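1. Fold the following.
(chains A, B, C and D, ligands or ions: 4)
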Amino acid sequence: MNSIDKELLIKMYMNMVKIRRFEEKANELFLNGEIPGFVHLYIGEEAIATGVMFNLNTDDYITSTHRGHGHTISKGAELKPMMAEIMGKKTGYCHGKGGSMHIADFKVGMLGANGVVGGGFAIATGAALAAKLRGSKQVAVCFFGDGASNRGTFHESLNMASAWRLPVIFVCENNQYASTTPYRTTTSVENIADRAIGYSIPGVVANGNDVFDVYEVAKAAVERAREGGGPTLIEAKTYRIKGHFVGDPEMYRTKEEVNEHFENDDPIKNFKSQVLRRGELTDEEMDDIDKRVADEIKEAVEYGRKSPYPEPEEIYDDLYV
Amino acid sequence: MNSIDKELLIKMYMNMVKIRRFEEKANELFLNGEIPGFVHLYIGEEAIATGVMFNLNTDDYITSTHRGHGHTISKGAELKPMMAEIMGKKTGYCHGKGGSMHIADFKVGMLGANGVVGGGFAIATGAALAAKLRGSKQVAVCFFGDGASNRGTFHESLNMASAWRLPVIFVCENNQYASTTPYRTTTSVENIADRAIGYSIPGVVANGNDVFDVYEVAKAAVERAREGGGPTLIEAKTYRIKGHFVGDPEMYRTKEEVNEHFENDDPIKNFKSQVLRRGELTDEEMDDIDKRVADEIKEAVEYGRKSPYPEPEEIYDDLYV
Amino acid sequence: MREITFAEATLEAMAEEMERDPRVFVMGEDIARQGGIFGQFKGLPQKFGYDRVRDTPISETTIVGSGVGAALAGMRPVVDMHFVDFVGIAMDEIYNQMAKVRYMFGGQATVPVVLRAPDGITQSAAAQHSQSLEAWFLHVPGLKVVIPSNPADAKGLLKSAIRDDNPVLYFENKVLYRQKGPVPEDEYLTPIGQANVVKEGKDVTIVSYSITLQKCIEAAKRLEQEGINVEVIDLRTIVPMDKETIYNSVKKTKHLVIAHEAVKTGGVGAEIAAAVAEDVIEYLDGPIMRLGGKFTPIPFSPALEKIWPPSVEDIYSAVKQII
Amino acid sequence: MREITFAEATLEAMAEEMERDPRVFVMGEDIARQGGIFGQFKGLPQKFGYDRVRDTPISETTIVGSGVGAALAGMRPVVDMHFVDFVGIAMDEIYNQMAKVRYMFGGQATVPVVLRAPDGITQSAAAQHSQSLEAWFLHVPGLKVVIPSNPADAKGLLKSAIRDDNPVLYFENKVLYRQKGPVPEDEYLTPIGQANVVKEGKDVTIVSYSITLQKCIEAAKRLEQEGINVEVIDLRTIVPMDKETIYNSVKKTKHLVIAHEAVKTGGVGAEIAAAVAEDVIEYLDGPIMRLGGKFTPIPFSPALEKIWPPSVEDIYSAVKQII
Ligand SMILES: Cc1ncc(C[n+]2csc(CCOP(=O)(O)OP(=O)(O)O)c2C)c(N)n1
Ligand SMILES: Cc1ncc(C[n+]2csc(CCOP(=O)(O)OP(=O)(O)O)c2C)c(N)n1
Ligand SMILES: [Mg+2]
Ligand SMILES: [Mg+2]
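-> Ligands and ions are numbered 1, 2, ... in the order given. Predicted structure coming up:
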């Protein structure tokens, strides 16, 4: 833990709480009819984006998934244009053209959520290739799910990234489900990290519910990539607490299964108990952060609500340069 | 070697020689302008198709590649309609519509060569699924190259086949090159067989220049598949003696490299020296086979030459049932 | 006649054909455990077992490719694309394998595979979950392509598709799933390759299919009130296309409007218009109007999404413009 | 003017643009060690190094997808498809990522990627190595699509494509590669989106592009001998399409024939015909004739292959039929 100072602890906590509150609010707004489209919540997986991202610089790249709010927040995006975007407003990051599944903030290197599962592998690989060709020491991180690990793009990208020693880190968020399908019924390997062997790269399992573990594992991978050592495959094991998307009837699992994970694997609870036990942060400090986050979320919602929808004539904007 | 009786030895030798002579003749006819299109020769790789195929029944399935003559012959196809097909004649297996890259003989379970590298993985997987659904104990074998092992279809099919325990054997013919590209420059792993770990299936390296080794390795895999044990990945290491296709200027490798392999790795030479040393076959026996094969090739060429081209109106035939 | 939803109609088709022929099975993502996102597979695994109703890995390329392989090996697979938007992941398997193997192998192969693909705009699913992509497959010899507009056709065409020995792409609209319509209780097949004259008329022909057909009927009603007598044709099948029915109608009405939700440029409307302009142009008494989605990806925001596809008003105006 | 081959022209374009802009690089299968199957990359690695001229794994999906990623991260990749026949392997990357990311992300992204794809029939390469697939991409908003017919345009359009901040698909015909034509020594760009009136005429307009243009010129020569004055238009760009040039020509000649090697049904000809039938039909004095490949996969046998695409005779007859 020596690489984590108090400032970073505070940032990590704040980031995880921000994601949690943002998602809870998104859930509420969706059920309230204020957010259209599909919304996939990152609740319970906050430690992964957080632990990885505090190893990155603003000019490093990430690619995200359909479940992208947590990655977007962690990479440094602002909540107001995020909220406006997922509400379909003109002031959103994508002027309302993208929505939750296509949120992006290129200013902070967030190259986009993706509605195509497994669509990010090659994009991240290409971003890493760009960095390598420029010699810019940037790295790229590709987040993806356990389900996505069965797409052909996983294989092709890991192979290419390894053959070319590209500075890219592949982070599998194994939340045990691909939509309605339990991980092991369609994925032929116990640890997705073991697939790294097929590409002669390190494959590491991290506890995806423990931000410290993710942070350390990612740190090594990012350093390796930055120094020219090539890609790493990280599998962060976690559990999807919420339905696949807001509104999922969840007929494929029991309430007991979900509750058990909710009790034991909540990354924010885990964080709190660790820092309290180690005396690194106090309850008061964290309560204070909670309040600041609550305010920020409130402002974001207000901003989103007040923002106008795009005008009909904007439908043709931004198709070509 | 106890599973190989003399009859089988003779068949194996005959099969390898048949492939070799067929390919030499195809080479000649191509250069002579009698065969159009692309022709990829199987010379030097005869032990693989041969070793695998003598473990299969006629109703087992195989999928092949652009380099498919060896697989087709080994699965039991006849030389006459093969030769006619690659000459573009009406009497060919595909009535001249397919050619060398699309040779097929469904009667013997040969589901087709394929001009799309990596196009056979899913087809073989599907054929194995058919067998499993019917409970028919058939197996499917997918032949593919080292280059093809980097296609996404490799990954998807191995994963699906393992997750569903399908009776399919994936046989990689690692001939060290994908067209002009040396294996290790684009393939991120020393042994493609090691990729099996990513799918929790056995991965076995065979000496692709030794028909006995291939036979034994394939035997175990086929038995496993037939008994419901699921897929196996076999990597048969060999070397492509000839150019990628007939007419390849081969600017990507030295003559010395090729000659060295030609001297040491010829599967037919290997076979001969083994059976002679062990006293299993005599020179005379093998010479006799050589003659029979030469005759068969001659007849096939004559048949092809004499056969007519398809008539213009046949262009619309066989599009729909 | 009893009324059931489009989704239920496809379910009946599946159940009847799976009952009838043990070689029929279905695979796709999230179809077994939860019955499909649109309920279109509900109850099938309970009836036919999880072997014949299979949840697959997220591997669209291999889902389609293995469907082809299973068909070549004697089964009659139905493969589900989840959303048509992902059909491109399996594009090579569709046009280089599924469509070609029979021809390429000189008729040795039969490929009785059905590819089902839910399509169309609904509820801000945005650019990658809202498309209509049927037009590409006009250009791929070897396939059949059907695209029903109502529950009765959904059932009859799906059953025909499953019994067809050729590969059939079956496009089913996501909004249609929930709509009810009359469906006969007795078994029937809707033939592939026959358009349906939904409403006869003498002043103008509107050709459409799938969800957009309803907008055309709406527009036709408004036009009738103004004394314009509209013939509405439901294409039902895109390949092989029933040009006879279109041509006969155009010969009568001398005016043609074509409407679909897919992007106008390069859409199915282009082929219809071009065929008419080649074969029966002399009967036309005005331009052929095409209506389709705008030339942009489909935007997320409800404010933009709702104006993306052609509206009843657009269809109405197009007719007014040429009459 | 000096004459160089089409392949050499593309080589010059690559070299000049790589020289000019260090962000330009190229990747694809078998392009570096041997200079491409058609020699179209020969010498580039010697000039620019194997970093900027990269032999890739056989991974079309990721070749294209990583091209998009590199473009998003500030580079200007050129990716080679080896044969257009494999473009479907990367189809999803093309229409769901390359074409959409700019729009979907509200203009945050620019995607300056060029996808090069050799196409067309040559020497019995058969069903999976002979296709022409440009038509699909008409239907994909967000792309530009160019398809040169001669060395000069090949160079000028490739340079324009590389400098364009939008994704450009560049289709290059395999037979054209070996053909020589005049190419200016001084630097020039051929603008994307402008058709070229190759030959003026007043009796009939023939629109074509790529290899088939030559057959049209051949046919035009024969027709001239019979006193039929043909205007021949080389489309050069498919998206954005230069409809003005076509319309102006049709207004003058009142007759239109369209010819390409790609399958006729659902081809680019359909869009052209439909656009004309919608916008300027009143000028037409006869049917719009379309010529394209037959509605089958491309057969291997030379006996069949040679009759698959439209011939000079077919084009000639089509004109005669409507004049
Ligand atoms: C290519 C593709 N196939 C299918 C889908 C539909 N789909 C959306 S999310 C999802 C499950 C993804 O599972 P996983 O990768 O584990 O991510 P998670 O949702 O668990 O975060 C599926 C099948 C899709 N969007 N894209
Ligand atoms: C999908 C696809 N990409 C590229 C090609 C062009 N191509 C034909 S053979 C070949 C090399 C294949 O190498 P490998 O799989 O090792 O087989 P080998 O030729 O060595 O037997 C390539 C790149 C193709 N036919 N299909
Ligand atoms: Mg998951
Ligand atoms: Mg090889």
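2. Excluding chain neighbours, what is closest to residue C:110?
-> In space, residue C:110 comes closest to residue C:165 once its chain neighbours are excluded; the distance is 4.8 Å by Cβ to Cβ, 6 or more residues apart in numbering or on different chains. Yep, even glycine has a C-beta here, placed from its N, CA and C like the rest.
3. so what are the domain limits for chain C?
-> C:3-182, C:196-322 (automatic domain parsing).
4. Packed most tightly, which of those would that be?
-> Greatest average neighbour count among the domains of chain C goes to domain C:3-182 (a mean of 24), per mean count of other Cβ atoms under 10 Å in any protein chain shown.
5. how about the residues of the stretch 151-300 of chain C near chain A?
-> Taking Cβ under 8 Å from any Cβ of the partner chain as the criterion, the stretch 151-300 of chain C approaches chain A at residues C:294, C:295, C:296, C:297, C:299, C:300.
6. Closest one to ligand 3 out of these, please.
-> residue C:300 (23.1 Å; Cβ to the ion).
7. Quick one, grab the pLDDT at the closest one.
-> Confidence at residue C:300, expressed as pLDDT, is 98.
8. was I right about it contacting residue C:121?
-> No: contact between residue C:300 and residue C:121 fails when scored by Cβ atoms under 8 Å: they sit 10.9 Å apart.
9. Among the residues of the stretch 151-300 of chain C next to chain A, give me the pair with the biggest separation.
-> C:295 and C:300 (17.3 Å; Cβ to Cβ).
10. ok, the residue nearest to residue C:110 to ligand 3 distance?
-> 38 Å (Cβ to the ion, to the nearest Å).
11. Surely that residue and residue C:109 touch.
-> No: between residue C:165 and residue C:109 there is no contact under Cβ under 8 Å: 10.2 Å.
12. all strands for chain A, in order.
-> Assigned by DSSP state E, chain A shows strands spanning A:61-63, A:140-145, A:168-174, A:177-178, A:181-182, A:203-207, A:232-237.
13. need these in TSV with distance to residue D:264 and mean pLDDT, can you?
-> TSV is the format used below for these (distance: least, Cβ to Cβ, whole Å; pLDDT from 0 to 100):
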stretch	distance to residue D:264	mean pLDDT
strand A:61-63	40	98
strand A:140-145	42	98
strand A:168-174	44	98
strand A:177-178	42	97
strand A:181-182	43	95
strand A:203-207	51	98
strand A:232-237	48	98
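14. The longest helix anywhere in chain A - contacts with which helices or strands?
-> For chain A, the longest helix by residue count, based on DSSP state H, is helix A:6-31. Contacts defined by 3 or more Cβ pairs under 8 Å, 6 or more residues apart in numbering or on different chains; DSSP states H and E place helix A:6-31 against helix A:46-53, helix A:69-75, helix A:79-86, helix A:211-226, helix A:267-277, helix A:283-306.
15. Low-confidence ranges, the stretch 151-300 of chain C, go.
-> Across the stretch 151-300 of chain C, nothing is flagged by pLDDT under 70.
16. and it, which residues reach chain D?
-> With Cβ under 8 Å from any Cβ as the criterion, the stretch 151-300 of chain C comes near chain D at residues C:262-263, C:265-267, C:269-274, C:276-279, C:281-282, C:284, C:286-290, C:294-297, C:299-300.
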